[in-house]
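my questions concern the predicted model and sequence given below.
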Amino acid sequence: MTGAPLVVGAAIVEGGRLLAAQRSGPPALRGRWEFPGGKVDPGEDERAALIRECAEELGVRVGLGDRVGGDWPLPNGSVMRVWLAAVVAGVPRPLEHLALRWLEPRELYDVSWLPGDLPVVAEIEKLLPDFPAG
């Protein structure tokens, strides 16, 4: 652990597509796109926090796979850790976001990602060909 506040994110992949979530706030970030997830509570396991966040934000239960890269520094001084994920129960709904969008590999940069998420998107772009499109 780095000592910096920890944020977790889910790179939810289905049918070769990546799920992006459009922020509803704060005002400076409203309308930008991110990975679903959020802050890890004190004493909370990182993976458990991510599963909880996906349930709260999307109304789904996810299964987590491998981590994507290492610690991703964010502009606010936090560190983000991202896991590949798959929906195992439910259908994602924008409970805390303005919208959700499934992005095909060719569409990954069609949305305005948060700056801290962009390097992760580039890493996931390398992984998407390994996921079946069907």
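Ah, there it is.

roughly how far out does the helix ranked longest in the chain sit from the chain middle?
Of all the elements of type helix in the chain, the one with the most residues (DSSP state H) is helix 46-58. The gap between the average C-alpha position of helix 46-58 and the chain average comes to 10 Å, counting by CA atoms, centre = their mean, to the nearest Å.

quick one: the helices in the protein, in order.
Along the chain, the stretches classed as helices by DSSP H are 46-58, 118-127.

which of these sits most buried?
helix 46-58 (a mean of 19; mean count of other CB atoms under 10 Å). For the C-beta atoms, the positions are set from N, CA and C on the backbone; glycine is no exception.

what packs against that one?
Secondary-structure packing of helix 46-58 (3 or more CB pairs under 8 Å, 6 or more residues apart in numbering; DSSP states H and E): strand 6-14, strand 37-39, strand 61-73, strand 79-89.

could you give the average pLDDT over the longest one?
Averaged across strand 61-73, pLDDT comes to 96.

what packs against it?
With 3+ CB pairs under 8 Å, 6+ apart as the test, strand 61-73 has strand 6-14, helix 46-58, strand 79-89, helix 118-127 packed against it.

what comes up buried for it?
Within strand 61-73, the residues that count as buried by 16 or more other CB atoms under 10 Å are 62, 64, 68, 72.

beta partners of the third one?
Legend: beta-bridge partners of residue 68 under DSSP bridges are residue 82.

give the contact list for it.
The contact partners of residue 68, by CB atoms under 8 Å, 6 or more residues apart in numbering, come to 11, 82, 83, 84, 120, 123, 124, 127.

next: the first one.
Residue 62 sits next to 10, 12, 50, 51, 54, 85, 86, 87, 88 when contact means CB under 8 Å, 6+ apart.

ok, now the last one?
Residues in contact with residue 72 (CB under 8 Å, 6+ apart) are 79, 80, 81, 82, 116, 119, 120.

6 Å instead?
Contacts for residue 72 (CB atoms under 6 Å, 6 or more residues apart in numbering) come out as 80, 120.

mind checking how far it is from residue 121?
From residue 72 across to residue 121, the span is 11 Å (CB to CB, to the nearest Å).
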